[in-house]
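Participant: have a look at this prediction, sequence included:
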Amino acid sequence: MAFYDGPGYAPAHSDNSNFVKDATLHAGYSATAKTAIYSLLVFTYYSQGGFRAYDQAADDAGNSFPAVMMDHDVQCYSFCARYETTQIRLSREYLESHAQSGISLSMTGQLGGIVSFTVPAYYVQGFLSATRATN
């Protein structure tokens, strides 16, 4: 499978101080494991408190997924905003089973904080369609 980087989308949010700014599904290939790898990169923004260091993710059915903080940044002007990039590994089977319903996730940080968001069904369907030919 060739590497595929899906387009980003911005989930709706109601809390302007803590939300998912952008999320992107990715597909790649592990040469050592000789298998396809699927993940969701989640870009969070918050203006209150310190870094969250998101390390756990769970869907609305209680399935849990490991989450890894890939990057973080602070930008200060009239106030300080914090950004984190978190990777959540998902299987293709899981994505296929949620193609019609979408995926509702919550991430929890080891330093505090919870953020919830939804990956819409149309986004999952488009990603699966784009990666089907290369799978």
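Facilitator: That came through, no problem.

Participant: please make it C-alpha for all contacts and neighbour counts, starting now.
Facilitator: OK.

Participant: phi, psi for residue 131 please.
Facilitator: When quoted as degrees, to the nearest 10, the phi and psi of residue 131 stand at phi -100, psi -10.

Participant: roughly how far apart are it and residue 69?
Facilitator: Using Cα to Cα, to the nearest Å, residue 131 is found at 25 Å from residue 69.

Participant: spit out the contact partners of the residue lying closest to residue 65 once chain neighbours are set aside.
Facilitator: Spatial nearest neighbour of residue 65, excluding adjacent residues (Cα to Cα, 6 or more residues apart in numbering): residue 57 at 5.1 Å. Taking Cα atoms under 8 Å, 6 or more residues apart in numbering, we find residue 57 in contact with 64-67, 88, 105-108.

Participant: gap between the spatially most distant residue from the centre of the chain and residue 47?
Facilitator: With Cα atoms, centre = their mean as the measure, the chain has its most outlying C-alpha, relative to the mean C-alpha position, at residue 78: 28.6 Å. From residue 78 across to residue 47, the span is 11 Å (Cα to Cα).

Participant: over to residue 61?
Facilitator: In this view, residue 61 and residue 47 are 29 Å apart by Cα to Cα.

Participant: compare the two (neighbour count), which wins?
Facilitator: Taking neighbours as other Cα atoms under 10 Å, residue 61 and residue 47 compare with residue 47 leading, 18 against 9.
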